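In: Please find the sequence and the predicted model below.
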Amino acid sequence: MDNTFFDFHADDFAVSLSASQDISRLGENRAIDSISIIPNMSAFGPSASLLRSFPPEVKRSIHLNFMEGRSCLPKEKVSELVDDSGCFKISWGSLLLSGFKRSSRVTLKTQLAEEIVAQVEKCIAAGVVDPKALRLDSHQHTHMIPLVQGALFEAIDRLEEQGRKVVFIRNTQDPVSLYFKSFKTLKGFSFPNLLKCIILNHFSRSLKKKLESRGLPIGYLCGVFYSGHMDEQRLSVVLPAFKRLASKENCRVEVLFHPGSVKNEEIAVEFNKSGFVDFHLSKNRHIEFNAICNLSGVRI
């Protein structure tokens, strides 16, 4: 498939070593254009060494993570975010609701900003990202939440004071209208994914303004409406519509996959939320791996 306007992207590098190995096979064969690296899971160290074989053309984003795993900062510094073991205890909903609570939002925002800086600096120290060309997104798109958006840009200001440079932030804008133009695109329709699209698209308006004010690129994302089910058949129907949109607006579309499979034996204490564990162990990750290979024309 012509990917003039597409970035085939693999999320969750370093969520586990086996997932990183799967994504590495795609990267080494240039089947993907970019990856997102999770900084705070125990697999980060051994996964980082796999990046040495990646071609320089494969872009690397930092996958900021507040949903699972342990914080990069000591738990005493982010006590509102983590439990007694240092694992993140917050949820997407709690981050959203906390933005409306005066009693907690200032502390949460401050601790989130500090943790963001720590996760970015960890990736820089490991040599897995370029400090002069930082790309940022987040696990479960939490950076789209207004409270987290505020913390993110507070962290970016601190980083840039230290000579770091951010060149890309994912704008999770997955246009729902493109999926309703044909019954074929609605195969396997998921109401929860539709709801996620609506919420994230709403929050993308404020992020878009912030990106424009900083001269950062603005594009679209394909991967929320089909989240967890990014198979070749669905994508072959909807991607032409994304291509027309990207061509019209002269922008790029990040086509988001989760092609790295986690093994049962890798599930440990840091995987402390059952819903996420089911997602990590899903057989659909094999399907998404194969979809990337087929759509990119690469045989692995």
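Out: Looks like it came in fine.
In: dump the residue contacts of residue 159.
Out: Counting by Cβ atoms under 8 Å, 6 or more residues apart in numbering, residue 159 touches 117, 120, 134, 166. From N, CA and C alone the C-beta is placed, and that goes for glycine too.
In: Tell me which stretches of the stretch 151-300 of the chain form strands.
Out: 166-169, 220-222, 253-257 (DSSP state E, counting those that start in this stretch).
In: Identify all contacting residues around the last one.
Out: The set of residues external to strand 253-257 that reach it, using Cβ under 8 Å, 6+ apart, is 5-11, 32, 34, 170, 219-224, 227, 230, 235, 239, 242-243, 245-246, 288-289, 291-292.
In: Now with 7 Å, please.
Out: Residues from elsewhere that reach strand 253-257 (Cβ atoms under 7 Å, 6 or more residues apart in numbering): 5-11, 170, 219-223, 230, 242, 246, 288, 291-292.
In: what's the burial count for the closest residue to residue 21 other than its chain neighbours?
Out: Leaving aside its chain neighbours, residue 21 sits nearest to residue 50 (6.8 Å; criterion: Cβ to Cβ, 6 or more residues apart in numbering). Neighbour count for residue 50, taken as other Cβ atoms under 10 Å: 19.
In: For residue 50, give me its contacts.
Out: Counting by Cβ under 7 Å, 6+ apart, residue 50 touches 20-21, 24.
In: Among those, which one is most surrounded by other residues?
Out: Each of these was scored for neighbours by other Cβ under 10 Å, and residue 20 scores highest at 28 neighbours.
In: wait, is that one part of a helix?
Out: Yes. Assessed by DSSP: H, G, I helix; E, B strand; the rest coil, residue 20 belongs to a helix.
In: residues contacting it?
Out: 13-14, 43, 47, 50, 260.
In: Any chance of the residues you listed in TSV with pLDDT and secondary structure as columns?
Out: As requested, the contacts of residue 20 are exported to TSV (pLDDT from 0 to 100; DSSP: H, G, I helix; E, B strand; the rest coil):
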residue	pLDDT	secondary structure
13	98	strand
14	98	coil
43	97	coil
47	97	helix
50	96	helix
260	97	coil
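In: what are the ranges of the strands in the stretch 1-150 of the chain?
Out: Using DSSP E, counting those that start in this stretch, strands in the stretch 1-150 of the chain cover 6-13, 34-37, 59-64, 134-138.
In: between the ones you listed, which gets nearest to residue 267?
Out: Of all the strands of the stretch 1-150 of the chain, it is strand 6-13 that lies closest to residue 267, at 14.1 Å by Cβ to Cβ.
In: and the closest one, how far out from the chain's middle?
Out: 8 Å (Cα atoms, centre = their mean, to the nearest Å).
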